[in-house]
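Peer 1: Below are the sequence and a predicted model for it; my questions follow.
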Amino acid sequence: MKKLALLMMCVAIALSAVAGVRGKGKPYRPLVTPNSSSVKSPSRVDIITEQPEGTVVNYLRSGEYLLSSLFGYDTAYQSGRVKVVYAEDGHTVYIQDIMCYGEGVGVWVVGELSEDGRTISVPLGQYIAYNADYDYGVVLAWGSTDVIDLGDGLYWLDFIADERAEEVTYSINPATGTITMENSEGSVENPYPYNCVATGLVGLWSDDGSVATIEWGSTWTVLGEAVPAVPANPELVEFFDCGSEEGYTRLDFNINLTDVDGNPLDANCLTYSIFTDDDQLFTFDAATYGAQNGFDTDMTEIPYGFGGEDFYLHRVYFYRTNQGDNPMFTRRIGMQVTYTVDGVTNKSDIVYLDVQDAPSAVDELNAGKQVANVRYFNMAGQEMTAPNGLTIQVTTYSDGTTSAVKVIK
C-alpha cells in the first residue's frame, strides 16, 4: 500500500520539482488560519483506500494549481489521471485522487450524482490524506488565495475560507462526458505585485487550517482504453548532493503523461528506470531501500506514482553522498520511461543530466556565507528542537539564502 506519509513529505520539501513551475518564493509569514468552522473534519477519520464496486471511468486532468509549504509556493498546470467509480445505485460516486496534489496516494472521496446525471456534488471536509501517527492530514475546503510579491524573494500568501460552502460541484458534459469544476477561477500570471489570485478547491492541513494546495479550472476528460505507444522523454530538473555521508543525494524530475505525439498515456502502465554514467541500469536493492519503501525484491523499474520514504511523483532519493572515493554517478545521471500495454513495451530515450557536486561546508564559508540558524522538521513538516530519526534540516545563511537536506540522526 502506498504510504500516506509521502504526501506530507512531498509538499514539505519537493516543491522545486513540480512540472511547469511558473512562480515560487519564500513565505513572508505563517499562513493565515481560517475559522475552524470552515474545516468540517469528522471526529473519526475513515479514509477509503480500496477501490469501491461499480463502473470505472478513467479521466485525464487539466487546469492549474498551487502548492504551499514551509519553503514557499509553486504554481503549475495540473496533469495526471483521475479515476471515478459510478456505483450501481445510480447516485453514489467515488473519486480517487480528486486533487492533483494527492495523485499517487490512492485515497477515494465520496460524491453524489444528480438525478439528471449532469452534476457531481462532493461534500467538503473529507480527507484526501491522513497520517495516523500524527493524527492529522489534509481535508477538502473551498476558498480563495492571493500571493503578493514583497520583493527580495519574499511573498505573502493569504487564504480566505468560504464558510458558506458545504460542497464542491462538478458539471458533466452529456455529449463528451467531460467533467468540469464549477465556480473556480484564477491566474498565475497577474500583474505585479499579485502573483497568484485564485478561488477553488483547497486542501487544508487539518491540525492548523493552513493551505497545502488550491486548484482551479479543473477539467477531467475521458481517457480511452490504453493502447501501445512510445512515451515522451522525461525531464531531469536537478541533481543535488548534500556532500555529507549523513545526508542524501536526490534527483528531481518530471515524467510527461503523453506519448511522443502528445496523446495521453495511462499512468498505470508507466515505469521509470535510473541509469549511471555509461547506460548502466541502477538497482534499488531491497537490503538498502526495501524496508523504508515497502518492497522486498530489488527494483530497477519504478512504477509511476510509487510511494515510500524515498520515492515521490517528482523526486527520488539515493542513500549516500555522490562524493568521495566511490561515487554513484561520476559524470551524469539518466532516466528512461517505459510504457507497457497488452504485453507490448515501448521506451523513451535515456535522458541524462550532468552531475555537479554540491558545495561543501568549507566552500560555503570560503564564499563568505555564514550560517545564521538551523531548524529541524519531521516528515509531517512539524518543527523539532533537535533532529530525531529521518529529519529535514533547514539552514539559513547570513545572506538570506536557505538550503534543505534530508538527514538521519
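Peer 2: The structure has been received and is ready for your questions.

Peer 1: hey, let's count contacts and neighbours off CA atoms from now on
Peer 2: Will do.

Peer 1: got the domain boundaries for this structure?
Peer 2: 5-222, 251-309+333-354, 361-408 (automatic domain parsing).

Peer 1: Now render those as a markdown table, adding mean neighbour count, distance to Tyr319 and mean pLDDT.
Peer 2: Converted to a markdown table, the domains of the chain look like this (neighbours: other C-alpha atoms under 10 Å; distance: least, C-alpha to C-alpha, whole Å; pLDDT from 0 to 100):
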| stretch | mean neighbour count | distance to Tyr319 | mean pLDDT |
| --- | --- | --- | --- |
| domain 5-222 | 19 | 17 | 77 |
| domain 251-309+333-354 | 18 | 8 | 91 |
| domain 361-408 | 16 | 10 | 66 |
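
Peer 1: Output the ones you listed as TSV; include the columns distance to Asp241.
Peer 2: Shown next, in TSV, are the domains of the chain (distance: least, C-alpha to C-alpha, whole Å):
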stretch	distance to Asp241
domain 5-222	15
domain 251-309+333-354	9
domain 361-408	9
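
Peer 1: So in terms of bridging, what pairs with Leu201?
Peer 2: Trp142, Glu215 (DSSP bridges).

Peer 1: for Ser144, what are its contacts?
Peer 2: For Ser144, the contact set (C-alpha atoms under 8 Å, 6 or more residues apart in numbering) comprises 159-162, 197-200.

Peer 1: Pick out the most distant pair among those.
Peer 2: Across the contacts of Ser144, the longest distance by C-alpha to C-alpha is 14.9 Å; it joins Asp162 and Val197.

Peer 1: before we move on, back to that, of the contacts of Ser144, closest to Thr92?
Peer 2: Nearest to Thr92 among those: Gly200, at 22.9 Å, using C-alpha to C-alpha.

Peer 1: which SSE is the nearest residue to Thr402 once chain neighbours are set aside in?
Peer 2: Using C-alpha to C-alpha, 6 or more residues apart in numbering and skipping the chain neighbours, the partner closest in space to Thr402 is Thr396 (4.4 Å). Per DSSP states H and E, Thr396 falls inside strand 390-397.

Peer 1: now for that strand, which elements pack on it?
Peer 2: strand 371-377, strand 402-408 (3 or more C-alpha pairs under 8 Å, 6 or more residues apart in numbering; DSSP states H and E).

Peer 1: Which residues does the first one contact?
Peer 2: Defining contact as C-alpha under 8 Å, 6+ apart, one finds that strand 371-377 is touched by 383-387, 391-398.

Peer 1: Dump the residues you listed into CSV; add distance to Ile255 as well.
Peer 2: Shown next, in CSV, are the contacts of strand 371-377 (distance: C-alpha to C-alpha, whole Å):
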residue, distance to Ile255
Glu383, 31
Met384, 34
Thr385, 37
Ala386, 36
Pro387, 33
Thr391, 27
Ile392, 25
Gln393, 28
Val394, 28
Thr395, 30
Thr396, 31
Tyr397, 33
Ser398, 36
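
Peer 1: Check these against Asp279 and report the nearest one.
Peer 2: Distances from Asp279 to the contacts of strand 371-377, taken by C-alpha to C-alpha, are shortest for Ile392, at 31.9 Å.

Peer 1: For that closest one, give the beta-bridge partners.
Peer 2: Going by DSSP bridges, Ile392 forms beta bridges with Phe377, Lys406.

Peer 1: List the neighbours of stretch 272-279 that are in contact with it.
Peer 2: For stretch 272-279, the external contacting residues (C-alpha under 8 Å, 6+ apart) are 281-283, 300-304, 328-338, 350.

Peer 1: For the stretch 1-150 of the chain, which segments count as strands?
Peer 2: Using DSSP state E, counting those that start in this stretch, the strands of the stretch 1-150 of the chain run over 24-27, 55-69, 72-77, 81-86, 92-96, 108-113, 119-123, 127-131, 136-151.

Peer 1: JSON lines for those, including distance to Gly343?
Peer 2: Formatted as JSON lines, the strands of the stretch 1-150 of the chain follow (distance: least, C-alpha to C-alpha, whole Å):
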{"stretch": "strand 24-27", "distance to Gly343": "42"}
{"stretch": "strand 55-69", "distance to Gly343": "20"}
{"stretch": "strand 72-77", "distance to Gly343": "32"}
{"stretch": "strand 81-86", "distance to Gly343": "22"}
{"stretch": "strand 92-96", "distance to Gly343": "26"}
{"stretch": "strand 108-113", "distance to Gly343": "29"}
{"stretch": "strand 119-123", "distance to Gly343": "36"}
{"stretch": "strand 127-131", "distance to Gly343": "33"}
{"stretch": "strand 136-151", "distance to Gly343": "38"}
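
Peer 1: right, and the ones you listed - which one's nearest Gly262?
Peer 2: Short answer: strand 55-69, nearest of the strands of the stretch 1-150 of the chain by C-alpha to C-alpha, at 12.8 Å.

Peer 1: Next one: Leu223 from Tyr397, what distance?
Peer 2: 48 Å (C-alpha to C-alpha, to the nearest Å).

Peer 1: Kindly apply the preceding question to Arg81 instead.
Peer 2: 40 Å.

Peer 1: ditto for Asp149
Peer 2: Taking C-alpha to C-alpha, one finds Asp149 at 22 Å from Tyr397.

Peer 1: No further questions, thank you.
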